[in-house]
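> sequence? don't have it. structure:
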């Protein structure tokens, strides 16, 4: 009868001396190389970065973990009830969009501040080289603006609302978008809402107001 003798070995990871039964070494090669399960996991550890929260974690499981925890794993799957996690393309902050579904997954900014910072420049499709930031000329005085409002009977030439109903002064818009052209025929009274609409389809608005005057 063959005796089950202890075999003298050195741990592959910590290099400490240990003994294992000869039969155990033949059945499980991992137990023949490491003095403990801890050394076995430590030798196979992998340093990773969680794609959800950005936390650095050590994977001891030898199962190729992607996320640092089950919570982050659930967050990566909205269909499992987890939160949608996005990364801001401006500041790199990890954030949860307010909306679910496709609109939430496509959110690129963590705040309005980052959105404005991104779009203040050539990124926006309606960018015209900073034209809106050009200063008004000295001729564009309060007296001139008041005269244009009086001419237009203090009525928005876009929607027809009176400034008394709006409880605020009407804006004076440059029809050709040239802030240095302060000819009264190039100025028109608009409420805040209608003035904002003129930032789009500028050529159409220019033709519309020229015909209106």
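Thanks, I have it. As the structure is a prediction and not an experimental result, all values here were calculated from the model.

> what's the following helix or strand after the helix or strand encompassing residue 145?
Following DSSP states H and E, one finds residue 145 within helix 142-151. Moving toward the C-terminus from helix 142-151, the next helix or strand (DSSP H and E) is helix 163-166.

> Next SSE downstream of the least confident helix or strand in the chain by mean pLDDT?
Taking mean pLDDT, DSSP states H and E as the measure, the helix or strand of the chain with the lowest value is helix 101-105, at a mean of 46. Where DSSP H and E defines the elements, the next helix or strand beyond helix 101-105 is helix 112-119.

> Pull out the buried residues from that next one.
114-115, 118 (16 or more other C-beta atoms under 10 Å). C-betas here are computed from N, CA, C, even on glycine.

> residues in contact with that helix?
Residues outside helix 112-119 that contact it (C-beta atoms under 8 Å, 6 or more residues apart in numbering): 88-91, 108-109, 127.

> Now list the buried members of these.
Of those, these count as buried by 16+ other C-beta under 10 Å: 88, 109.

> coming back round to it: out of the buried residues of helix 112-119, which comes closest to residue 150?
The closest of the buried residues of helix 112-119 to residue 150 turns out to be residue 115 (C-beta to C-beta; 38.8 Å).

> And the closest one, how far from residue 195?
Look at residue 115 and residue 195: by C-beta to C-beta, to the nearest Å, they are 21 Å apart.

> can you tell me which residues contact the residue most central in space within the chain?
Closest residue to the average C-alpha location of the chain: residue 109 at 2.2 Å, with C-alpha atoms, centre = their mean. By C-beta under 8 Å, 6+ apart, the contact list for residue 109 reads 88-90, 115, 118.

> Repeat the analysis, applying 7 Å as the threshold.
By C-beta atoms under 7 Å, 6 or more residues apart in numbering, the contact set of residue 109 is 88, 90, 115, 118.

> Export those to TSV and append columns for distance to residue 187 and pLDDT.
Shown next, in TSV, are the contacts of residue 109 (distance: C-beta to C-beta, whole Å; pLDDT from 0 to 100):
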residue	distance to residue 187	pLDDT
88	41	82
90	37	80
115	32	79
118	33	74
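
> what's the closest of the residues you listed to residue 147?
Nearest to residue 147 among these, with distances taken as C-beta to C-beta, is residue 115, at 37.9 Å.

> pretty sure residue 9 is in a helix, no?
No: according to DSSP: H, G, I helix; E, B strand; the rest coil, residue 9 belongs to no helix; its state is strand.
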